[in-house]
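Undergrad: Any chance you can model this:
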Amino acid sequence: MARPSAIWSEAARGDGILRLGGNYTADNATELEGALSEALKHGPEATAFRADFRIDCAGLGALDTVGAWLIHRAQLDLAERGDVTLVGLRRDQTHLIAEVAHAYERRSEVPERPVGAYPWLADIGEAVVAAGRDVVNGVVFLGLVMAASWRLVRGRAKLRPAAVVTQLERVAMRGVPIIALISFLVGAIIAQQSIFQLEKFGQAHFVADLVGVLVLRELAVLLTSIMVAGRSGSAFTAELGSMKMREEVDALQTMGIDPIEVLVLPRILALLVGLPLLTFLSAMSAVAGAALVANLYGGISLDIFFARVQNIIGINTFMVGMYKAPFMALVIGLIACIEGFAVRGSAESLGSHTTASVVKSIFVVIVVDGLFAMFFASIRY
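TA: Residues are numbered from 1 along each chain as shown. Predicted coordinates for the structure are as follows:
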C-alpha cells in the first residue's frame with residue numbers, strides 16, 4: 001500500500017506546485033490528513049508572493065471519497081491566497097472530486113434569512129393557501145359522500161345496519177353522561193352569573209328568559225358539537241388513520257369495495273342521528289341546572305322558572321338549535337374522515353391529523369353557528 005504524500009516542488013524557491021502521491025483512501029485517512037496539513041502549514045513560506053498554485057495529482061494511486069474531500073479542502077485553503085489548478089487527474093478522479101465539491105457547495109449554502117414583516121406575510125400566505133386547499137378537499141369529499149349516498153338510495157350500494165347502530169351507540173349512547181353533566185354545570189353557571197347581575201336591577205326572575213333563549217338557540221348545539229368533535233371526531237380520525245397505516249383501506253379498494261360506503265357513510269349517518277338527540281339532551285340538562293341554581297341561589301321557585309320558560313320560548317326558538325344540529329354533524333363527520341384518510345405511515349402523522357381534526361372541527365362548527373345566527377336574525381326567526 002503506497003503511503004500518501006504531499007510535497008511542495010523544490011525545483012525553485014518560488015515554485016507553487018504541490019505534488020501528491022500514494023493512495024488517498026479511507027485506510028490512510030489519518031496519515032494523509034497529517035501530510036496535507038503539514039504541507040499547507042509550511043508551504044506559504046516559500047509561496048507567499050505567488051498568486052498561482054497547482055496541485056499535481058499525477059502521482060496519486062487509489063482515490064476514494066475521503067481522499068477527494070481532503071484534496072478539495074486543500075484546494076479551498078490555497079484558494080484564499082491565489083488561483084488553484086488541479087492537474088494530472090484521471091477522468092474518474094476528476095469526476096469524484098467534482099462530485100465532492102458540488103456536495104460541499106450545496107451543504108455550505110446558507111439561505112438568506114428574511115427580515116422585517118416578510119416572514120409574517122409568508123406564514124399568512126401559507127395559511128391562506130392551506131385553508132383554500134382544505135376547502136377544496138372538503139368539497140371533493142362531500143361530493144364523494146353524496147355520490148355514495150345516491151348509490152345507496154338507488155339500491156346500487158348496500159349499507160350495513162349493524163355498522164350504523166354500532167357507531168350510533170358510540171356517538172350518542174356513550175356520550176350521554178358527559179354531555180348531560182357538562183351541560184347541567186354550564187347552565188348552572190350561566191344562571192348564577194345572570195342572577196348576580198340581574199339582582200342589581202331587581203329583575204332576577206328574568207334569568208329564566210335569558211337562559212332559555214340562550215341555551216335552546218345557541219349554547220346547547222354549540223356545546224354538544226364541540227364535545228362530539230373532541231370525543232367522536234377524534235376517534236373517527238384515529239380509527240381511519242390506523243386503518244390507512246395498516247393498508248386496510250387499500251385492501252378494500254383492491255377487493256372492489258368503496259371505503260366511502262363501508263367506512264364513512266355509517267359514521268356520518270350516526271352523527272346525523274345522534275347529534276340532534278344529544279343537542280336536545282344538552283338543552284334539557286342546561287335548563288335543569290339553571291332552574292336548580294335559580295331556586296337555591298336566587299330564591300326563584302321552580303314553578304315560576306318553568307312558567308316563564310314556557311311563556312318566552314316558542315317553537316321557533318327550540319327549532320333553531322335543532323336545525324343547526326344536522327349541519328354540525330355533517331361538518332364534524334366530513335372533517336374527521338378527511339383527516340383520517342390523510343394519515344400517512346407514521347405515528348407522528350396519526351397524532352398530527354387527529355389534532356388537526358379536532359381543531360378544524362371546532363373552528364368550523366363555531367363559524368357555521370355564526371352564519372346560522374346571522375341568517376336566522378336576518379329572517380327574524
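
Undergrad: Tell me which residues of the helix or strand hosting D92 come out buried.
TA: Using DSSP states H and E, D92 maps to helix 91-108. Neighbour-count burial for helix 91-108, counted by 16 or more other Cβ atoms under 10 Å, picks out Q93, L96, I97, V100, A101. Using the backbone N, CA and C atoms, a C-beta is placed for each residue, glycine as well.

Undergrad: following it, which helix or strand comes up?
TA: Following helix 91-108 in sequence, per DSSP H and E, is helix 118-153.

Undergrad: for that following helix, what is the average pLDDT?
TA: Helix 118-153 carries an average pLDDT of 89.

Undergrad: For it, buried residues please.
TA: Buried-residue list, helix 118-153, by 16+ other Cβ under 10 Å: D134, N137, G138, F141, L144, V145, A148, S149, R151.

Undergrad: Which one of those is nearest to V358?
TA: Relative to V358, the closest of the buried residues of helix 118-153 is D134; by Cβ to Cβ it sits at 14.4 Å.

Undergrad: follow-up on the earlier one: out of the buried residues of helix 91-108, which one sits closest to L181?
TA: V100 (67.0 Å).

Undergrad: picking that back up, any idea how far the helix holding D92 is from the middle of the chain?
TA: Centroid displacement of helix 91-108 relative to its chain, using Cα atoms, centre = their mean, to the nearest Å, is 38 Å.

Undergrad: Contacts made by it with the rest, please.
TA: C57, L60, L63, D64, T65, A68, W69, I71, H72, L86, L89 (Cβ atoms under 8 Å, 6 or more residues apart in numbering).

Undergrad: so where's the stretch 101-250 of the chain uncertain?
TA: Along the stretch 101-250 of the chain, segments meeting pLDDT under 70 span 106-116.

Undergrad: Please identify the buried residues of stretch 281-296?
TA: 281-295.

Undergrad: From the rest of the structure, what touches that stretch?
TA: Contacts for stretch 281-296 (Cβ under 8 Å, 6+ apart): 176, 179-181, 183-188, 190-192, 195, 204, 207-208, 211-212, 215-216, 219-221, 223-224, 300-302, 305-306, 309, 318, 321.

Undergrad: can I assume V331 sits in a strand?
TA: No. With DSSP: H, G, I helix; E, B strand; the rest coil as the criterion, V331 is located in helix rather than a strand.

Undergrad: Distance of T237 relative to G67?
TA: Between T237 and G67 the distance is 53 Å, computed by Cβ to Cβ, to the nearest Å.

Undergrad: I should have written A79 there, sorry.
TA: A79 is 19 Å from G67, by Cβ to Cβ.

Undergrad: what about F318, how many neighbours?
TA: Residues near F318, counting by other Cβ atoms under 10 Å, number 16.

Undergrad: Could you measure from D303 over to L210?
TA: Applying Cβ to Cβ to D303 and L210 gives a distance of 18 Å.

Undergrad: Looking at the contacts of helix 91-108, state which has the most neighbours.
TA: Ranked by the number of neighbours (other Cβ under 10 Å), the contacts of helix 91-108 place I71 first, at 27 neighbours.

Undergrad: isn't there a helix covering it?
TA: Yes. Under three-state DSSP, I71 sits within a helix.

Undergrad: Report the contact partners of L275.
TA: Going by Cβ under 8 Å, 6+ apart, the list of residues near L275 reads V171, A172, T224, S225, V228, A325, P326, M328, A329, I332.

Undergrad: Try it again at 10 Å.
TA: Contact analysis of L275 by Cβ atoms under 10 Å, 6 or more residues apart in numbering lists 171-172, 175, 221, 224-225, 227-229, 232, 282, 324-330, 332-333.

Undergrad: So which of these are in helices?
TA: In this view, these that belong to helices under DSSP state H are 221, 224-225, 227-228, 282, 324-330, 332-333.

Undergrad: which one of the residues you listed sits closest to D250?
TA: G333 (22.0 Å).

Undergrad: ok, back up a step: which single one of the buried residues of stretch 281-296 is nearest to F372?
TA: Nearest member of these to F372, counting by Cβ to Cβ, is A283, at 15.8 Å.

Undergrad: Name the nearest residue to the closest one, sequence neighbours excluded.
TA: Of all residues not flanking A283 in the chain, A220 sits nearest, at 3.8 Å (Cβ to Cβ, 6 or more residues apart in numbering).

Undergrad: In terms of neighbours, single out the busier of A79 and G67.
TA: Ranked by neighbour count (other Cβ under 10 Å), A79 and G67 place G67 first, with 30 against 11.
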